[in-house]
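1. coords below, sequence missing:
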């Protein structure tokens, strides 16, 4: 009891701190995550299993079909019929009824069938960017205040039950997934999500002297995981390593992020 | 009469663009030069990839503090340049893009140019944003990891030959067979 009460208080402090520093300039629909760190599920170097994550802002929800429709309407080169095959494979928005017609049944779920390139362009169009893998994992590891699933077992079960769904089904509705700190929702158990450096964490490592391209994604990028990695985590890191930037999947969408203090890079 | 230089420059630029615009057809749909990202060269100029149009380009990613694969790869490309007949050298461009935009600025790129003795005429060194660099790398097939504590970035040493329109001709894992590379380059320089 004592640890969970104190961690809830700690979380409360975090929320208060972020609300104060955000002031009136909080971007709509986004939450600020204070600086923290994430634990990698594999050894990177001899000692690097934890990576620092500076404070950042993250969309509370994944991008919706309506929001994506607004983007393609204003950027016709990203419509299904006009997008270059360099930027998206033939599955891009395939379940839509036309260039500007999302499937009506998909409107309550996050947009899917979007390539990394299109997701990046969407976020840039809104003055945002895709979250890094470390940022995404940092947010995904948080829990809503008052969460009683202390050891994460219930969350692990929910994720695994989502994994076992048929990919033929529509993605679950926005808001039906996991609940995280600062009002962030659905990082697990609704869709998979793109990150800006999704293919940068192949733990087996890229040979410094260069290896053939085909050898890079051996084992879905999951080779080299620590043996005690939770299965859901193992799946997620392996899944990302198996993607390429032009891939589109009916279960893969995205949300956007933003630097805490825009530096005008 | 004296015309202020900026005014004259603007006039000339508009003249050039008025005549140049109709003569450049749209890029092929599989051209990397469709990317609208902006890149800063080591001489301070901003460049868009479409400006690379017109010459075959030999493109590779590197970073200035790379202690391993980059100097070796750059050395291979220099050897290649050295073996080119003069006419082919004039019709080819080398482009090095840093995959460490957080650690490299124009000063460190200029330092790398000096250290490796890369001619201004044939070599472009460029830096973009983190995400634009990742995007270009994804299209080239270059993979790289986040920077490690020792400042090194593991990456595959891919060299990519692009044709005059920015389409990928071939990807090379290092230049081991210079004769074959030069033959392909000559062919690429001869076709539109």
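-> Thanks, I have it. Only a predicted model underlies this, so the values are computations on that prediction, with no experimental measurement involved. Numbering: from 1, shown residues only, chains lettered A, B, ... in the order given.

2. please, where are all the strands along chain A?
-> Remark: strands assigned in chain A by DSSP state E are A:30-33, A:36-39, A:50-53, A:56-59, A:192-193, A:252-253, A:257-259.

3. what does chain B have sitting close to chain A?
-> B:29-32, B:34, B:68-69, B:72-73, B:101, B:129-131, B:134-135, B:138-139, B:141, B:143-146, B:148-150, B:152, B:154-158, B:171, B:173-174 (CB under 8 Å from any CB of the partner chain). Where C-beta positions appear, they are placed from N, C-alpha and C, glycine not excepted.

4. just those residues: which are in strands?
-> Those of the residues of chain B next to chain A lying in strands (DSSP E): B:158, B:171, B:173.

5. need those residues in TSV with neighbour count, can you?
-> Listed next are these as TSV, based on neighbours: other CB atoms under 10 Å in any protein chain shown:
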residue	neighbour count
B:158	21
B:171	15
B:173	16
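
6. quick check, nearest of those to chain A?
-> If you rank these by distance to chain A using CB to the nearest CB, residue B:173 comes first, at 5.0 Å.

7. any idea what the residue most central in space within chain B is bridged to?
-> With distances taken as CA atoms, centre = their mean, residue B:95 lies nearest the centre of chain B, 2.1 Å away. Residues in a beta bridge with residue B:95, per DSSP bridges, are residue B:59, residue B:124.

8. quick check, it in contact with residue B:52.
-> Yes - contact criterion CB atoms under 8 Å: residue B:95 and residue B:52 qualify, at 6.7 Å.

9. identify the contacts common to the two.
-> Here residue B:95 and residue B:52 have residue B:124 as joint contacts, going by CB atoms under 8 Å, 6 or more residues apart in numbering or on different chains.

10. one step back: of the strands of chain A, which is nearest residue A:107?
-> strand A:252-253 (13.4 Å; CB to CB).

11. give the residue spans of the stretch 1-150 of chain A that score low on pLDDT.
-> A:1-25, A:43-48 (pLDDT under 70).

12. from residue A:233, how far out is the residue of it found nearest chain B?
-> Here the stretch 1-150 of chain A gets closest to chain B at one residue, residue A:84, 4.9 Å apart by CB to the nearest CB. Noted for residue A:84: a distance of 34 Å to residue A:233, by CB to CB, to the nearest Å.

13. so between these two, which is more surrounded?
-> residue A:233 (20 against 17; other CB atoms under 10 Å in any protein chain shown).

14. residues touching that one, list them.
-> Shown here is residue A:233, whose contacts under the criterion CB under 8 Å, 6+ apart are residue A:41.

15. swap in residue B:31?
-> A:86, B:165-167.

16. excluding its backbone neighbours, what's nearest it?
-> residue B:166 (3.9 Å; CB to CB, 6 or more residues apart in numbering or on different chains).

17. rewinding a little: quick one: buried ones out of the residues of chain B next to chain A?
-> When the residues of chain B next to chain A are checked for burial by 16 or more other CB atoms under 10 Å in any protein chain shown, the buried set is B:31-32, B:34, B:69, B:73, B:101, B:129-131, B:134-135, B:138-139, B:143-145, B:152, B:154-158, B:173-174.

18. related to what we said a few turns ago, which of the contacts of residue B:31 ranks first by neighbour count?
-> With neighbours set by other CB under 10 Å, the maximum within the contacts of residue B:31 is found at residue B:166, which has 21 neighbours.

19. I'd like the contacts of residue B:31 as JSON lines, with distance to residue A:193 and secondary structure appended.
-> Converted to JSON lines, these look like this (distance: CB to CB, whole Å; DSSP: H, G, I helix; E, B strand; the rest coil):
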{"residue": "A:86", "distance to residue A:193": "22", "secondary structure": "coil"}
{"residue": "B:165", "distance to residue A:193": "34", "secondary structure": "coil"}
{"residue": "B:166", "distance to residue A:193": "30", "secondary structure": "coil"}
{"residue": "B:167", "distance to residue A:193": "31", "secondary structure": "coil"}
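
20. switch those residues over to JSON lines; also include distance to residue B:44.
-> Supplementary listing: these in JSON lines, determined by distance: CB to CB, whole Å:
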{"residue": "A:86", "distance to residue B:44": "30"}
{"residue": "B:165", "distance to residue B:44": "27"}
{"residue": "B:166", "distance to residue B:44": "24"}
{"residue": "B:167", "distance to residue B:44": "29"}
